[in-house]
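Novice: need a 3D model of the following:
(2 chains)
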Amino acid sequence: MNSRIQATTNTQNKLIPPRELYDDYGAMLLGYIVGVVNDRHVAGQYLVEIFKDLSNGLSVNQEKGSSVFVQLQLLARKKLEPFFETAKNCSTTDFVYDAQSKNRSIGLMTPDQQTVFCGMHYHGKSVNILALELNKSGDEIRKILKESFTIIRNSNGR
Amino acid sequence: MVVKEYIESGILETYVMGAASEAEVKELLYLKSRYPEINLALKELEEDMERIAQNMAMIPPPAVWDRIDEEINDLIIAPDVAPEIFKKKTEPKTEKPGQQYIEVESESTHMKIHKNWRWVFAAVFVLGKIFLGFAIYFYLENRQAQERIQELKTEVRQLRK
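Specialist: Predicted coordinates:
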């Protein structure tokens, strides 16, 4: 492969070959994409598109010091906008939150926390939209989001 | 104290979720560079996001990388030089709507005509020569006739005497 075709995704502005990015973050990205599109085949196609964009010179290194994965996830979110409407709702029976479940942290959240966390994570909703939906202020939505992160952190034994 | 309140406000969480507004992002990036506590809290949140993703990770089928590799190899690398931009030269028009100006005098001092005109010019040249020949012939004939008339008049005057 041509050495000039490399993604510019790194905190130190160093070029990382797409293969390295794929090995490190491909599985994590695919898991997130499947959570949004609910279809492994379609998710695989989106994964190809994301890495194609990265190889085609698209830079996701917008802010120095940001995590590579978070930047990749933001890029994936932009691509997945058409699916945000149809993504599964975390507070319904679509998800199983038992002890063996991969997303057991979400099962530990209150309905409001699930709505806020999943609304942003899988539906790409903004603070203002969630505030309208839950009839709460923007500050309250941010607090609820913070609480859901605390639950995730605690459930992972930190 | 203000830094702690900022961290507790939940703005960092909205940032890592990609739900922060542009103004919030600008403010956060500024504060992150200024306060190490904010930078540390943000890094912890990014690690949380990675941990969530690791829990949900799915190993892609081998065919996915083959497709990515294929797509990358198909990409055409653009040269480093900036592409030349061709623009049609347009001069500002000052006429009012409905008016149209016609250029009546060209700036060039030369003119172009059809090749057929060379036969017309040749014919005019030849006819000009013929007319000149006739003019000289009749001029000489006329002068000779005048001289002859003068001689005859002289002879008539001598006979009368």
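
Novice: what's the weakest-modelled helix or strand in chain B?
Specialist: Using mean pLDDT, DSSP states H and E, the weakest-scoring helix or strand in chain B turns out to be helix B:62-74, at a mean of 82.

Novice: and if you look at chain A?
Specialist: Per-SSE averages on chain A (mean pLDDT, DSSP H and E): minimum helix A:104-107, a mean of 78.

Novice: ok, now how distant is whatever residue of chain A ends up closest to chain B from B:I130?
Specialist: Using Cβ to the nearest Cβ, the closest approach of chain A to chain B is made by A:R142 at 2.9 Å. For glycine as for every other residue, the C-beta is placed from the backbone atoms N, C-alpha and C. Separation of A:R142 from B:I130 (Cβ to Cβ, to the nearest Å): 108 Å.

Novice: looking at these two, which is more packed in?
Specialist: Taking neighbours as other Cβ atoms under 10 Å in any protein chain shown, A:R142 and B:I130 compare with A:R142 leading, 24 against 9.

Novice: can you tell me the residue of chain B closest to chain A?
Specialist: B:G10 (2.9 Å).

Novice: isn't that residue right up against A:K146?
Specialist: Yes: the criterion here is Cβ atoms under 8 Å, and B:G10 meets it with A:K146 at 4.0 Å.

Novice: if you skip the residues just before and after it, what's nearest to the spatially most central residue of chain A?
Specialist: For chain A, the residue nearest the mean C-alpha position is A:Q73 (4.9 Å; Cα atoms, centre = their mean). Spatially, and ignoring its direct neighbours in sequence, A:Q73 is nearest to A:Y32 (6.2 Å; Cβ to Cβ, 6 or more residues apart in numbering or on different chains).

Novice: residues in contact with that neighbour?
Specialist: Neighbouring residues of A:Y32 by Cβ atoms under 8 Å, 6 or more residues apart in numbering or on different chains: A:73, A:76, B:53, B:56.

Novice: widest-spaced pair of these?
Specialist: Greatest spatial distance in the contacts of A:Y32: A:A76 and B:M56, 12.7 Å, computed using Cβ to Cβ.

Novice: neighbour-wise, which of these two wins?
Specialist: Shown here are A:A76 and B:M56; by other Cβ under 10 Å, A:A76 has more neighbours (22 against 17).

Novice: low pLDDT regions in chain B?
Specialist: For chain B, the stretches flagged by pLDDT under 70 are B:1, B:75-108.

Novice: can you list the domain ranges for it.
Specialist: Using automatic domain parsing, the domain parsing of chain B gives B:2-62, B:117-161.

Novice: packed most tightly, which of those domains would that be?
Specialist: Highest mean neighbour count among those (mean count of other Cβ atoms under 10 Å in any protein chain shown): domain B:2-62, with a mean of 17.
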